[in-house]
Structure formats: structure tokens, C-alpha cells
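J.: Just a sequence and a predicted model for now, questions to come.
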Amino acid sequence: MMSFIGRLFGSDKAISTTADGIYKGIDAAFFTNEEKSQHFLKLLKAYEPFKLAQRLLALIVGIPYVLIWMTCAVMLVISAFMEPCGIEAVCSSNNVLEAAKTLADWNNETLGFPFSLILGFYFGGGAVEGVVRARSSK
């Protein structure tokens, strides 16, 4: 009987190869928990360079943004302790106050939006992933 089937399909080896292929196809159709965990570990390993780039980008934009805000805060405190202005005198406390406000506006206009986008992607990715997992487990 095997020789007839072997002649019909080519050989006995072709039949066993086809049977193995069908078995592997059925096995691949079902994703077990062990396969899921192995896949997730591989995904985390592949994701490491991206996380490093995210952190570097957050530091490149975040450090100057925060330092400028701290500088503005120090300037505001300094202007509060300066001598009050007279009517006719050139007022250095108002100059420092205006400079602090201008610097804060420039900081928000130039670095504010990129900083918020970077933080949104940095922290939002994990939050979205957590929401998706919570909904998929229900």
C-alpha cells in the first residue's frame, strides 16, 4: 500500500514531509502561553535600543527645558528682593521681572511642545500598553 501511495505522490519521504508540514502548521496555528512569553522576551530585547534612544531624547530636551524654568524662577525671586522702583528711576527690578517672563515665554515656545511630545511618547506608550492589556484580559 505504501509503495502505491509513494508512487502516486512521489515517494514515502514526500508523504512523511507533508505530514510533518501539516502537523507543524497546526501547531503554529495555536499560540501557547509559553510561546507568548518567549515572544514577549524577544520583543523586549529588540525594544532595548529604542528605549535607550527615548531616554537620550528626553534628556537632550528635558534638561535645558527644566534648567531654563529654574533660571526663570530664580530671576523672579531676585526681582522680588530688589529695591522697589521710584517714579523717575530706571527700574532694574522690573527689567529682571520682564526678562524672566520673556525667557519663560521663549522656553515654552521653543522647547515646550517638543518636551510635551517626548514625555507623552515616553510615558504614554506604557500607559496605552497597560490599558490594552487590561481590556484584552477581560
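T.: Perfect, thanks for sending it.

J.: And the residue nearest the centre of the chain, which helix or strand is it part of?
T.: Centroid-nearest residue in the chain: Tyr122, 3.4 Å away (criterion: Cα atoms, centre = their mean). For Tyr122, the host element (DSSP states H and E) is helix 113-137.

J.: Quick check: phi and psi at Glu83.
T.: Note on Glu83: its backbone torsions stand at phi -60, psi 140 [degrees, to the nearest 10].

J.: how distant is the lengthiest helix in the chain from the center of its chain?
T.: Longest among the helix segments of the chain by residue count, using DSSP state H, is helix 33-81. For helix 33-81, the distance from its own C-alpha centre to the chain's C-alpha centre is 9 Å (Cα atoms, centre = their mean, to the nearest Å).

J.: residues of stretch 106-119 that come out buried?
T.: For stretch 106-119, the neighbour count (16 or more other Cβ atoms under 10 Å) marks Asn107, Leu111, Phe115, Ile118 as buried. Yep, even glycine has a C-beta here, placed from its N, CA and C like the rest.

J.: Farthest pair within those residues?
T.: The largest separation in the buried residues of stretch 106-119, counting by Cβ to Cβ, is between Asn107 and Ile118 at 14.9 Å.

J.: low pLDDT regions in this protein?
T.: The model of the chain has pLDDT under 70 over residues 1-31, 85-90, 126, 138.

J.: these two touch, right, the residue nearest to the centre of the chain and Leu59?
T.: No: using Cβ atoms under 8 Å, Tyr122 is not in contact with Leu59, being 10.6 Å away.

J.: Against which helices or strands is the helix holding Tyr122 packed?
T.: The contact analysis (3 or more Cβ pairs under 8 Å, 6 or more residues apart in numbering; DSSP states H and E) places helix 113-137 against helix 33-81.

J.: you'd agree Ile118 is up against Gly62?
T.: Yes: here Ile118 reaches Gly62: they are 7.2 Å apart, a contact under Cβ under 8 Å.
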